[in-house]
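> structure for the following, please:
(one chain, ligands or ions: 1)
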Amino acid sequence: MRRAIYPGSFDPVTNGHLDVVERARKLFDEVIVAVADNDEKQPLFSLRERLDLLRKTVGRIDNVRIAQLKGLLVEFAKAEKAGAVIRGLRAVSDFEFEFQMALMNRKLDAVVETIFLMPKEEYTYLSSRIVKEIARLGGDVSSFVPACVTRALNRKFNR
Ligand code: ADP
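Next up is the predicted model:
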């Protein structure tokens, strides 16, 4: 069984994340979308809300599973018997941080490989951060995120 973990904050899930999930699930038997509860990042959506939005969007795909990411990523990967970690690469600006993370994870556990997937060009400028900013300022985010996320953002910003 070839299994991969796709970790992230998913605050909230965007069409860019969905594009990466679609690519990853063609390469692996199972993809576990693992949501990190990173309080340092002060997420707009609670862990439960982020998990719920993911369940509504990728939860029904048969070889995709949603989970909460607890502890060290490499330990989580080993516990789930996953041989790979998937990360999305949008632009050169992602590279430095991702490179450092991937090599650090390799240092912590040489068995888990990091695989970078590039989204469709139209998603390369898309991030959860920018989507939240647009929604907060009253802009239309419906072409960047699934419909349930647009509704959740409108509720958060009382629209
Ligand atoms: P994190 O806080 O771990 O960066 P994110 O939810 O922002 O979590 O992103 C999770 C992963 O998805 C990261 O590898 C990120 O580069 C990737 N990602 C985010 N947005 C996109 C996008 N529009 N296209 C491709 N990959 C993306």
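
> averaging pLDDT per element, find the lowest-scoring helix or strand in this structure.
Between all helices and strands in the chain, the lowest mean by mean pLDDT, DSSP states H and E belongs to helix 92-108, at a mean of 93.

> anything in it sitting right up against the ligand?
Yes. With Cβ under 6 Å from any ligand atom as the measure, helix 92-108 is seen reaching the ligand through Asp94. Where you see a C-beta, it was placed from the backbone N, CA and C, and this is true even at glycine.

> so which elements touch that helix?
With contacts taken as 3 or more Cβ pairs under 8 Å, 6 or more residues apart in numbering; DSSP states H and E, helix 92-108 sits against helix 73-79, strand 84-88, strand 113-117.

> let's go with 7 Å and repeat that
Contact here means 3 or more Cβ pairs under 7 Å, 6 or more residues apart in numbering; DSSP states H and E; on that basis helix 92-108 packs against helix 73-79, strand 113-117.

> how about residues contacting the shortest one?
With Cβ atoms under 7 Å, 6 or more residues apart in numbering as the test, strand 113-117 has contacts from 20, 23-24, 83-89, 98, 102, 105.
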